[in-house]
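Engineer: Just a sequence and a predicted model for now, questions to come.
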Amino acid sequence: MERDGQKDARDLSQDRKTVEKPASRHLSDKNNRSFADSPIRRDMHILLLTPQRPYPPHQGTTLRNFNLVKELTRRHTVCLLTFLEPDQHPGNPGPLPDLCKWIEMIPVPQRSTSLRLRQMLTTSRPDMSWRLWSPDFEERLAWHLRRESFDVVEIEGIEMTPYLPTIAAAQPRPLIIYDAHNAEWILQKRAFLADIKNPARWPAAAYSWVQWHRLRRYEADLLHRVDHTIAMSAPDKVVLRDVAPDAPMTVVPNGVDLNLFGQFKGTPIHHDLVFTGKMDFRPNIDAALWFGRQVLPLIQAKRPHTTFAIVGQRPHPRLDGLRHNPNIVITGYVDDITPYLAGATVYVVPLRVGGGTRLKILEAMAMRKAIVATTVGAEGFPVVNGQELLLADEPEDFAREVLDLLDNPARRMRLGAAGESFARANYGWDRLVPQLERVYQQNDPRRQTHPRNSG
């Protein structure tokens with residue numbers, strides 16, 4: 001990769017923030033918690049690369065990454081090299097300095113429209129792979145890899161994969177894990193199929209068509225260059241296997257903080273219907289628009305005063321068209337979504353594009369909410385329609401199920417209780433992270449009779 005220029009490490013001090021924990025400050029329960037019933041090796045040296053600081057944990061990526069850090073540091077030494085979003089204050093890393101040996105935060109690179117267009121027109125790489133390319137980040141990563149040896153380097157999401165050559169060049173070479181937060185090529189294919197039906201969205205459809213095919217090639221190559229890939233769900237694994245049939249892969253789904261969401265004691269914020277998520281994320285934008293334009297009018301024809309809250313940071317301007325409806329609330333950023341979940345009569349997941357497993361569904365389940373979702377919205381969960389939640393893909397069907405729940409408190413309670421039991425039995429982070437640790441253990445080069453290909 002070409003680099004626009006290098007900075008001496010001393011010159012980076014104004015652009016980045018490093019917090020290093022003294023060697024003696026390990027998490028107090030690291031040596032106290034029993035792990036005797038598991039063969040997993042303790043105290044591995046792990047470096048996580050994340051696309052934004054995983055605190056505060058307000059949306060899917062940060063929620064997953066924060067809980068990985070929290071659980072892994074119970075038994076291992078974890079270091080964190082992360083980008084810092086413009087709205088993340090460098091002085092508010094939360095508990096991360098106490099959990100990690102060190103964290104280093106580098107500002108997200110500024111990418112102009114002209115640079116983005118040039119990269120899309122003059123290279124064959126997908127757009128996503130360029131968004132977080134930073135010479136400063138690469139330089140700091142190389143410096144840390146020279147300074148200390150890591151057992152595992154885990155890449156969190158496709159935007160961090162341009163740094164794979166730097167990791168692979170480290171000596172000794174660490175185990176390289178790719179945590180595939182999405183099967184990205186199928187998201188772009190689904191976006192294309194959704195947008196091509198609307199002439200006003202044909203430019204977006206054209207973009208998705210190009211990215212769909214570029215991502216298929218890119219992900220196929222990527223999955224063969226890392227040592228092991230983590231998929232978010234069984235359907236994601238199938239989709240990734242479609243482009244890399246022989247790539248080593250394990251499903252470790254998203255989880256939920258059962259204590260946080262299962263023991264809410266605050267004041268609820270009441271709305272009939274609630275949808276949560278990062279509202280500049282294309283699948284969430286599409287979901288909110290589809291529900292607001294095609295489903296909610298059917299509901300309000302029967303119940304005119306039904307309220308709908310769209311809760312999440314950075315609402316896209318495309319959502320502004322929904323604001324004319326006085327019963328739709330678009331909150332923007334909120335410090336805590338749990339009051340909105342607690343106050344929801346019905347939680348809706350009207351996704352038509354997406355992949356992985358939806359953290360939003362698990363959060364609503366943990367709070368005993370009755371849920372109506374599309375098939376895509378519930379994809380990745382082994383649920384039964386009518387048991388843990390309700391499924392509907394057409395506007396009329398979705399509206400009918402919502403109306404029935406609004407009128408039927410007993411049915412809401414039954415679904416909510418079944419959903420909570422499902423989440424608690426299968427998706428606590430304390431159950432899921434050991435599955436990731438077993439991947440580390442099984443692929444530990446010290447356990448192998450033959451050296452790994454450093455390709």
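Structural biologist: Perfect, I can see it now.

Engineer: Report how many residues lie close to Asp87.
Structural biologist: 9 (other CB atoms under 10 Å). C-beta: built from backbone N, CA, C; applies to glycine.

Engineer: whoops, Phe264 was the one
Structural biologist: For Phe264, using other CB under 10 Å, the count is 16.

Engineer: low-confidence ranges in the stretch 301-450 of the chain?
Structural biologist: For the stretch 301-450 of the chain, the stretches flagged by pLDDT under 70 are 355-357, 445-450.

Engineer: For the chain, just list every one of the strands.
Structural biologist: Assigned by DSSP state E, the strands in the chain fall at 17-20, 45-50, 77-84, 102-107, 152-156, 175-180, 228-231, 249-251, 271-276, 308-311, 328-332, 344-349, 371-373, 390-391.

Engineer: Please work out the average pLDDT along stretch 182-191.
Structural biologist: Taken as a whole, stretch 182-191 has a mean pLDDT of 93.

Engineer: And it, how far out from the chain middle?
Structural biologist: 14 Å (CA atoms, centre = their mean, to the nearest Å).

Engineer: ok, residues contacting that stretch?
Structural biologist: Contact with stretch 182-191 is made by 126, 128, 157-158, 204-205, 208-209, 211-213, 215-216, 219, 231-232, 236, 239-240, 243, 282-283, 286, 352-356, 376, as judged by CB atoms under 8 Å, 6 or more residues apart in numbering.

Engineer: separation between the residue nearest the centre of the chain and Lys278?
Structural biologist: Against the mean C-alpha coordinate of the chain, by CA atoms, centre = their mean, the closest residue is Thr61 at 3.0 Å. According to CB to CB, to the nearest Å, Thr61 stands 8 Å off from Lys278.

Engineer: Thr375 too?
Structural biologist: For Thr375 relative to Lys278 (CB to CB), the value is 22 Å.

Engineer: More neighbours: which of the two?
Structural biologist: Lys278 (19 against 12).

Engineer: What's the separation between the closest residue to the more buried one other than its chain neighbours and Thr229?
Structural biologist: Distances taken as CB to CB, 6 or more residues apart in numbering place Gln59 nearest to Lys278, at 4.2 Å, with adjacent residues excluded. Distance of Gln59 to Thr229, given as CB to CB: 22 Å.

Engineer: quick one: which of these two has more around it?
Structural biologist: Remark: of Gln59 and Thr229, Thr229 carries more neighbours, 26 against 21, as counted by other CB under 10 Å.

Engineer: Bridged to the more buried one, which residues?
Structural biologist: Tyr178, Met249 (DSSP bridges).

Engineer: and it, what pLDDT?
Structural biologist: pLDDT, read off for Thr229, is 98.

Engineer: Just confirm it contacts Met249, I think it does.
Structural biologist: Yes: applying CB atoms under 8 Å, one finds Thr229 in contact with Met249, separated by 4.6 Å.

Engineer: what touches both of the two?
Structural biologist: With CB under 8 Å, 6+ apart as the test, Thr229 and Met249 both reach 223, 240.

Engineer: quick one: Phe381 and Ile361 touch, right?
Structural biologist: Yes: counting by CB under 8 Å, Phe381 does reach Ile361; the two are 6.7 Å apart.

Engineer: neighbour-wise, which of the two wins?
Structural biologist: Under the criterion of other CB under 10 Å, the comparison of Phe381 against Ile361 puts Ile361 first, with 29 against 25.

Engineer: And the helices in the stretch 251-400 of the chain?
Structural biologist: With helices called from DSSP state H, counting those that start in this stretch, the stretch 251-400 of the chain shows them at 258-262, 282-290, 296-302, 338-343, 359-366, 395-406.

Engineer: Distance check, Val108 against Phe83.
Structural biologist: 5 Å.

Engineer: Looking at the two, which one has more neighbours?
Structural biologist: Neighbours per residue (other CB under 10 Å) separate Val108 from Phe83, with Phe83 holding more: 22 against 16.
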